[in-house]
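**Student:** here's my sequence, what's the structure:
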Amino acid sequence: MTLPIPSRFSARFGLSTPIALAPMALASGGALAAACARAGALGLVGGGYGDLAWTQREYTLALQAADTGRIGCGFITWKMDEDASALDWVLDHGGAERPRAVMLSFGDPRPYAARIAASGAALICQVQRMDQVPQAIEAGAAVVVAQGAEAGGHGMNALNGRATLTFVPELADWLAAHAPQTLLLAAGGIADGRTLAAARVLGADGALVGSRLWATAESLAPQGAKELALATDGDGTARSAVFDILRRKHWPAPYDFRALRNALHRHWEDRIDALRAAPEEARAAYDAGVQAGDFTAAHATVGEAVGLVRDLPGAGELIARMEAQALTLLCGAAGSAHQL
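**Tutor:** Predicted coordinates:
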């Protein structure tokens, strides 16, 4: 089943649905990437911080489970500046094991553009603001992802972030005028067929889906975190530096982290400077929560779309549902427009 408005993204990557799995660190493992690829989407393994052993294991698993040519990998760009061994390992693959795409987020992609291009993989660059787009185009990005601040996990902070609803059409217009061959994906809040259809109407060629695919059977996210997400609405997340401090992740400004707004987060969210100055006690509480699977202290990485998460299906089932709902809505919209 395909969407009635042709998708350049689907055509470019040999997909049957204009969806890419967000390469969520430690959640988008090989099983989830493979399930998405088998369902007709682009399956991006979450290489994240560039842990070589993790990336080797999960990327290999994805290739073994999905002989589709729809497997790629994503990395945090600023972390690659410290150690790019996992990226290099992925790019060393050739033939059928070559990554279909490599996605870079949160930093300057240009130092890595030549080696990605030489591998034959397509470069996907995620941006959060318009002023980041020319850099992605200079790097030769085949796809630009417009990430709204609604998204779970890392993104632009509240002072600098954009909303998906306005960011996507503005960027679509800019690309049409300046880089018409570059494809656009919407990210942040895409969790069902309605939001997928909305992304297409706004001018995106497809969607990068994170939180909703995080809450699936194949995701490596802890089961307790997934179950807590089922009981949480969209008011229940917050974006701040709290969990980066607690996890000893030294993220550069202006990026921070959206997750469920649990008790430990609420305790510190108005005292960020104090937490930075003396994090030991809070880190001990966080570490204990992780060890015990207690998500009143441990983090659950989801965005505002958590309010649309009502079950934990397999990724293939979820993608089929999203596609069918989007198809119905877009066909209906096309019919109404024709009548007008």
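**Student:** just the mean pLDDT for stretch 219-230, thanks.
**Tutor:** Averaging pLDDT along stretch 219-230 gives 97.
**Student:** equivalent analysis for stretch 78-90, please.
**Tutor:** Stretch 78-90 comes out at a mean pLDDT of 97.
**Student:** over to stretch 50-58?
**Tutor:** Per-residue pLDDT over stretch 50-58 has a mean of 97.
**Student:** buried set for it?
**Tutor:** Across stretch 50-58, burial judged by 16 or more other C-beta atoms under 10 Å covers 50-51, 54-55, 58. The way it works is simple: take the backbone N, C-alpha and C, and place the C-beta from them, glycine included.
**Student:** out of the residues you listed, who's nearest Ala146?
**Tutor:** Gly50 (24.1 Å; C-beta to C-beta).
**Student:** my read: that closest one touches Trp78, true?
**Tutor:** No - contact criterion C-beta atoms under 8 Å: Gly50 and Trp78 do not qualify, at 10.3 Å.
**Student:** which neighbours do these two share?
**Tutor:** Common contact partners of Gly50 and Trp78 (C-beta atoms under 8 Å, 6 or more residues apart in numbering): none.
**Student:** can you put the buried residues of stretch 50-58 in CSV and add secondary structure and distance to Pro313?
**Tutor:** CSV is the format used below for the buried residues of stretch 50-58 (DSSP: H, G, I helix; E, B strand; the rest coil; distance: C-beta to C-beta, whole Å):
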residue, secondary structure, distance to Pro313
Gly50, coil, 30
Asp51, coil, 28
Trp54, helix, 25
Thr55, helix, 26
Glu58, helix, 21
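**Student:** what lies in contact with stretch 72-90?
**Tutor:** With C-beta under 8 Å, 6+ apart, stretch 72-90 has contacts from 22-23, 25, 28, 42-52, 55-56, 59, 99-109, 111-112, 115, 121-122, 124, 154, 252.
**Student:** among these, name the ones in strands.
**Tutor:** Those of these mapping onto strands are 43-48, 101-105, 122, 124, 154, per DSSP state E.
**Student:** for those residues, which two are the farthest from each other?
**Tutor:** Of all pairs in the ones in strands among the contacts of stretch 72-90, the most separated under C-beta to C-beta is Ala122 and His154 at 22.2 Å.
**Student:** how near is Arg212 to Ala65?
**Tutor:** Distance, Arg212 to Ala65, using C-beta to C-beta, to the nearest Å: 21 Å.
**Student:** correction: Ala114
**Tutor:** Distance, Ala114 to Ala65, using C-beta to C-beta: 31 Å.
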